[in-house]
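J.: Have a look at this prediction, sequence included:
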Amino acid sequence: AGSPANITLYDPSPRRAVDPMAMTSKSRNTPYVGLELPGRIMATFLRGRPTVLEGKLQ
């Protein structure tokens, strides 16, 4: 209690196909190309500060 949190906010409802060109990573290599995966990371916080909001790096 009273310390900044590390947390991930996940929405399990959307489903989407993996598109390497839409990935934030500089590497486009993935074995999941074209597979439909459940859920989406909505936000992440490191030590209480946002690192990802609405799928965009901060």
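T.: Perfect, I can see it now.
J.: which stretch of helix or strand covers the spatially most central residue of the chain?
T.: A centroid search over the chain (Cα atoms, centre = their mean) returns Ile41, at 3.7 Å, as the residue closest to the centre. When secondary structure is defined using DSSP states H and E, the element that contains Ile41 is strand 36-46.
J.: Name every strand pairing with that strand and say which way it goes.
T.: strand 7-17 (antiparallel), strand 49-53 (antiparallel) (DSSP bridges).
J.: Number of residues surrounding Leu51?
T.: You called it Leu, but residue 51 is Thr. Other residues within reach of Thr51, judged by other Cβ atoms under 10 Å, total 13. For the C-beta atoms, the positions are set from N, CA and C on the backbone; glycine is no exception.
J.: Does it touch Leu57 like I think?
T.: Yes. Taking contact to mean Cβ atoms under 8 Å, the distance of 7.0 Å between Thr51 and Leu57 places them in contact.
J.: Is Met21 in a helix, a strand, or coil?
T.: Using DSSP: H, G, I helix; E, B strand; the rest coil, the secondary structure recorded for Met21 is helix.
J.: now it: how far from Gly34?
T.: Computed as Cβ to Cβ, to the nearest Å, the Met21 to Gly34 distance reads 12 Å.
J.: for Glu54, same thing?
T.: Looking at Glu54 against Gly34, where the rule is Cβ to Cβ, the gap reads 24 Å.
J.: cool, and Gly2?
T.: When distances are taken as Cβ to Cβ, Gly2 and Gly34 turn out to be 45 Å apart.
J.: the more surrounded of these two?
T.: Of the pair Gly2 and Gly34, Gly34 is the one with more neighbours under other Cβ under 10 Å, namely 9 against 3.
J.: Would you check that that one makes contact with Arg16?
T.: No. Because the distance of 11.0 Å does not satisfy Cβ under 8 Å, Gly34 is recorded as not touching Arg16.
J.: pLDDT below threshold where in this structure?
T.: Counting by pLDDT under 70, the chain contains no low-confidence range.
J.: For the closest residue to Pro14 other than its chain neighbours, which residues are in contact?
T.: With Cβ to Cβ, 6 or more residues apart in numbering as the criterion, Pro14 has its nearest non-adjacent residue at 4.9 Å, and that residue is Arg40. Counting by Cβ atoms under 8 Å, 6 or more residues apart in numbering, Arg40 touches Tyr10, Asp11, Pro14, Arg16, Gly55.
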